[in-house]
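**Student:** structure of the sequence below:
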Amino acid sequence: MQFIKIILVAFVFILNLTIAQPSWAGKDFTKGADYAEVTQALYQLLSVRDNPEQAAIRPNNFKKNYHNCSLRSM
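**Tutor:** Take a look at the predicted model:
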């Protein structure tokens, strides 16, 4: 009985993979207006983390800018 359940679950799983469309396969998230803003904020935060002396943001403002950077729903 256990073997039949395993075979059934495997069959349903394989059937689901072959029939179901991937939900994000056709979407290009790099063309949105939010993408440029979020990417720029992330690069700025990474540069502050790597070189705090040479960055435009001072370490005491790092936390404030980090919390302001958030991904918005599409």
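**Student:** CA only for contacts and neighbour counts going forward, please
**Tutor:** Will do.
**Student:** list the contacts for residue 9?
**Tutor:** Not one residue lies near residue 9 by Cα atoms under 8 Å, 6 or more residues apart in numbering.
**Student:** show me which positions of whichever strand or helix holds residue 37 end up buried.
**Tutor:** Here residue 37 sits within helix 33-50, counting by DSSP states H and E. Buried residues in helix 33-50, counted by 16 or more other Cα atoms under 10 Å: 34, 41, 42, 44, 45, 47, 48.
**Student:** which residue ranges form the helices in the chain?
**Tutor:** For the chain, applying DSSP state H gives helices covering 2-19, 33-50, 59-68.
**Student:** quick one on the thing from earlier: pull the CA atoms of the helix holding residue 37 into PDB?
**Tutor:** Below are the C-alpha coordinates for helix 33-50, written out as PDB (Å, rounded to 0.1, in the frame of the first residue of the first chain):
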ATOM      1  CA  ALA A  33      10.700  51.700 -12.800                       C
ATOM      2  CA  ASP A  34      11.300  50.200  -9.400                       C
ATOM      3  CA  TYR A  35      14.100  48.000 -10.600                       C
ATOM      4  CA  ALA A  36      16.500  50.900 -11.300                       C
ATOM      5  CA  GLU A  37      15.700  52.500  -8.000                       C
ATOM      6  CA  VAL A  38      16.200  49.400  -5.900                       C
ATOM      7  CA  THR A  39      19.300  48.400  -7.800                       C
ATOM      8  CA  GLN A  40      20.900  51.800  -7.300                       C
ATOM      9  CA  ALA A  41      20.100  51.700  -3.600                       C
ATOM     10  CA  LEU A  42      21.600  48.200  -3.300                       C
ATOM     11  CA  TYR A  43      24.800  49.100  -5.100                       C
ATOM     12  CA  GLN A  44      25.100  52.200  -2.900                       C
ATOM     13  CA  LEU A  45      24.600  50.200   0.300                       C
ATOM     14  CA  LEU A  46      27.100  47.500  -0.800                       C
ATOM     15  CA  SER A  47      29.700  50.200  -1.600                       C
ATOM     16  CA  VAL A  48      29.200  51.700   1.900                       C
ATOM     17  CA  ARG A  49      29.600  48.300   3.400                       C
ATOM     18  CA  ASP A  50      32.800  47.600   1.500                       C
END
